[in-house]
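Q: predicted model follows, preceded by the sequence.
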Amino acid sequence: MIVAWNHADGRSEGLMDRENLRILVVDDHMIMRSLIEKTAISLGLKQILHAENGKQALDKINDGTIDIILADWNMPEMCGLDLLKAVRQNEDNNNLAFIMVTAESEGTKMMEAMNSGATAYLVKPFSSDDFKETIDKIILWLEKRRN
Amino acid sequence: MNNNQRKELADVITSQTIELFKVMFGADIEPHMNDNHDFNDDDLISKVTLSEEGFEIVLKFIFPRHILVELLNDMYGSIMANHESAREDAICEISNIVCSGLKTYLNEKGHSLEMSLPSIYCSYNAEDSSDKECLKIDFFLLGEAFTVDLKMDETS
């Protein structure tokens, strides 16, 4: 389920070409990375990269070509929240959407993520409909930020 | 742990687990309270600890490997299903999601529990015969049981 959202208005139509969006899935569990990739592909997203933790993710983000990060919270090496903070420290990443995809559903955790710059917060386990709704809103957010 | 606490924890774990299997795997599972379960070396076990000062909950998720193989096979095909690392990964993610739900529930009731990352636990051994208070819930999937085992301990 989507439990939090920043800056959504939901009024414009999706114009962005999904095939060109580059998604980075960051999760220490291969099974979840695969599940997210499978669901993303079913939504027409084709460019999907993987990272096992925040540190690996930062290396891939620094080339400036990522549009959406989907990151777990609890990971070894560097957790999702630290990754989020590191991403938001760089102004070049202002138009990069960050979805916290986590089983952490405590209100305080959610607030912490949203206040740190998460674009959306998706609680595991989520259905493919939940995921689709989140991605649709993210695409609208990206269009709004970039136009 | 009194009967009300047992029921409360069992209800949270049960609802989290049922929802997870429905949403992630499209599978319906049936819970069944259980005090006796025979474990064997084919079981794959993951362990998560929820702890705060003076209080600890240890949860173990005990799956016969072939149930995980079938689940993964249905979702990802036989190549992934036959990798032990994929099975370990699946059971750790299942325990991560269920335990996060339990942690959220308990913390919203006043606890300040921290959760360990799930890890693979080698054997169901002597440690488990301790007198820590224990709750076991079986879930039936594909005609067989997997078990969630919870132990609570007051630490000093």
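A: It's in. Residues are numbered from 1 along each chain as shown, chains lettered A, B, ... in the order given.

Q: look up how far residue A:82 lies from the residue of chain A found nearest chain B.
A: Closest contact between chain A and chain B, by C-beta to the nearest C-beta, is at residue A:103 (3.4 Å). C-beta here means a position set from N, CA and C on the backbone, and glycine is covered the same way. Distance from residue A:103 to residue A:82, counting by C-beta to C-beta, to the nearest Å: 17 Å.

Q: residue B:136 now?
A: For residue B:136, the distance to residue A:82 - C-beta to C-beta - is 36 Å.

Q: please apply the same query to residue A:54.
A: Taking C-beta to C-beta, one finds residue A:54 at 6 Å from residue A:82.

Q: more neighbours, these two?
A: When residue A:54 is set against residue A:82 and neighbours are counted by other C-beta atoms under 10 Å in any protein chain shown, the residue ahead is residue A:54, at 26 against 18.

Q: state the next helix or strand along the chain beyond the worst-scoring helix or strand of chain A on mean pLDDT.
A: Within chain A, no helix or strand scores below strand A:2-5, which has a mean of 63 by mean pLDDT, DSSP states H and E. Per DSSP states H and E, strand A:2-5 leads on to strand A:22-26 as the next helix or strand towards the C-terminus.

Q: in its sheet, what does that next one sit against?
A: Strand A:22-26 pairs in its sheet with strand A:47-51 (parallel), strand A:68-71 (parallel), by DSSP bridges.

Q: contacts only, for residue B:93.
A: A:29, A:31-32, B:118 (C-beta atoms under 8 Å, 6 or more residues apart in numbering or on different chains).

Q: any chance of those residues in JSON lines, plus neighbour count and pLDDT?
A: Converted to JSON lines, the contacts of residue B:93 look like this (neighbours: other C-beta atoms under 10 Å in any protein chain shown; pLDDT from 0 to 100):
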{"residue": "A:29", "neighbour count": "22", "pLDDT": "90"}
{"residue": "A:31", "neighbour count": "25", "pLDDT": "89"}
{"residue": "A:32", "neighbour count": "24", "pLDDT": "91"}
{"residue": "B:118", "neighbour count": "26", "pLDDT": "93"}
